[in-house]
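**Student:** Mind looking at a prediction? Sequence and model below.
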Amino acid sequence: MNIIQIPTFTDNYVWIMHELNNDFAVVVDPGESKPIIDALNINNLQLSDILLTHHHHDHIGGVKKLKEIYPAANIYGPEDIRIPTTIDVKDNQTIWLDSINEEFRVIDVRGHTNSHIAYYFKNKLFCGDTLFSCGCGRLFEGTYEDMYKALIKIKNLPKETMVYCAHEYTLDNIGFAKIVDPKNLDLLEREKEVKYLLKNGFFTIPSTLENELKVNPFLRFDVKDIKNSVQNHFSKKISSDAEVFKYTREWKDNEYD
């Protein structure tokens, strides 16, 4: 499977998947159409399927135009009147895409929005705005408990999982992660790597779940250093991993962004 990474807007990524031996392609979260159409044309590909994770415009804005040009394309996504799906999918459902000969598992990862889903296949996770490298999505609609449960699901995937998120937020996320987890040597190494990649025109995404478990404070709510840091910052006793996550997210929302 070949995965093409398409930068869009100022910091979005759209993903195009296709087998090397056929002409069909699947796109994930096309927020705008022109870069996708250009990439499909350059690679002589025909769009067969669109996978949508949630309703925000920078993830679905290009769907209407793509559907006009590729009318046979199926549009998968969660059941939500704000999302222009042709096929609704839900948690733990598997979908088989004939065009690329792959089966995807749908994972309910609500939190960023109330209907957010992710797609998983062969140790590849397309998670929209739920998990970022060294960060996680803001809670626009869901609750802290929703997002905590979503991150638990991701945390329990195989460590070799490649995380294909939708934004280049890594360096900024590291800035906050260093405040919460200042003694984390893996995090400092990741910062060096990220600065090198960006300086030389490369992407920091995808990342690996194994690495995120070492450096991402929003996946490390069960780590003593994170818990202590959050307790000290808020001057209060925290009793559960879910609370550690909640207060870490509050910290970033209220005092960093």
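**Tutor:** Perfect, thanks for sending it. This is a predicted model, so every value here is computed, not measured.
**Student:** Would you confirm that Asp222 contacts Asp241?
**Tutor:** Yes: counting by C-beta atoms under 8 Å, Asp241 is a contact partner of Asp222 at 4.9 Å. From N, CA and C alone the C-beta is placed, and that goes for glycine too.
**Student:** Burial check on Ile37, number of neighbours?
**Tutor:** For Ile37, the neighbour count with other C-beta atoms under 10 Å is 17.
**Student:** An error on my part: the question was meant for Met147.
**Tutor:** Look at Met147: counted by other C-beta under 10 Å, it has 26 neighbours.
**Student:** Kindly report the same for Glu255.
**Tutor:** By other C-beta under 10 Å, the residues close to Glu255 number 10.
**Student:** again, but for Phe104
**Tutor:** Phe104, neighbours per other C-beta under 10 Å, totals 24.
**Student:** Now do the contacts for it.
**Tutor:** Contact analysis of Phe104 by C-beta atoms under 8 Å, 6 or more residues apart in numbering lists Leu51, Thr94, Ile95, Leu97, Tyr119, Tyr120, Phe121.
**Student:** Tell me what the last one is bridged to.
**Tutor:** When bridges are called by DSSP bridges, Phe121 pairs up with Lys124.
**Student:** And it, how close does it get to Phe104?
**Tutor:** Plainly put, Phe121 is 5 Å away from Phe104 if you go by C-beta to C-beta, to the nearest Å.
**Student:** quick one: which helix or strand includes Phe245?
**Tutor:** For Phe245, the host element (DSSP states H and E) is helix 241-255.
**Student:** and that helix, what does it pack onto?
**Tutor:** On a contact count with 3 or more C-beta pairs under 8 Å, 6 or more residues apart in numbering; DSSP states H and E, helix 241-255 meets helix 144-155, helix 170-180, helix 224-234.
**Student:** Mean pLDDT and distance to Met17 for these - can I get that in CSV?
**Tutor:** Output for the helices and strands packed on helix 241-255, formatted as CSV (pLDDT from 0 to 100; distance: least, C-beta to C-beta, whole Å):
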stretch, mean pLDDT, distance to Met17
helix 144-155, 98, 20
helix 170-180, 98, 22
helix 224-234, 97, 34
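**Student:** between the ones you listed, which one is nearest to Gln5?
**Tutor:** helix 170-180 (13.9 Å; C-beta to C-beta).
**Student:** tell me the angle that closest one makes with helix 224-234.
**Tutor:** 80 degrees (axes from the mean of the first three to the mean of the last three C-alpha atoms, to 10 degrees).
**Student:** ok, and what's touching the helix or strand following helix 170-180?
**Tutor:** As assigned by DSSP H and E, the chain's next helix or strand after helix 170-180 is helix 185-199. Identification of contacts with helix 185-199 by C-beta under 8 Å, 6+ apart yields 133-134, 170-171, 174, 177-178, 181, 203-204, 211, 214-215.
**Student:** List buried residues within the residues you listed.
**Tutor:** Applying a neighbour-count criterion of 16 or more other C-beta atoms under 10 Å, the buried members of the contacts of helix 185-199 are Ser133, Cys134, Thr170, Leu171, Ile174, Ala177, Lys178, Asp181, Thr204, Asn211, Lys214, Val215.
**Student:** okay if I get those residues as JSON lines plus distance to Asn156?
**Tutor:** Output for those, formatted as JSON lines (distance: C-beta to C-beta, whole Å):
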{"residue": "Ser133", "distance to Asn156": "19"}
{"residue": "Cys134", "distance to Asn156": "19"}
{"residue": "Thr170", "distance to Asn156": "23"}
{"residue": "Leu171", "distance to Asn156": "27"}
{"residue": "Ile174", "distance to Asn156": "24"}
{"residue": "Ala177", "distance to Asn156": "21"}
{"residue": "Lys178", "distance to Asn156": "26"}
{"residue": "Asp181", "distance to Asn156": "21"}
{"residue": "Thr204", "distance to Asn156": "24"}
{"residue": "Asn211", "distance to Asn156": "16"}
{"residue": "Lys214", "distance to Asn156": "16"}
{"residue": "Val215", "distance to Asn156": "18"}
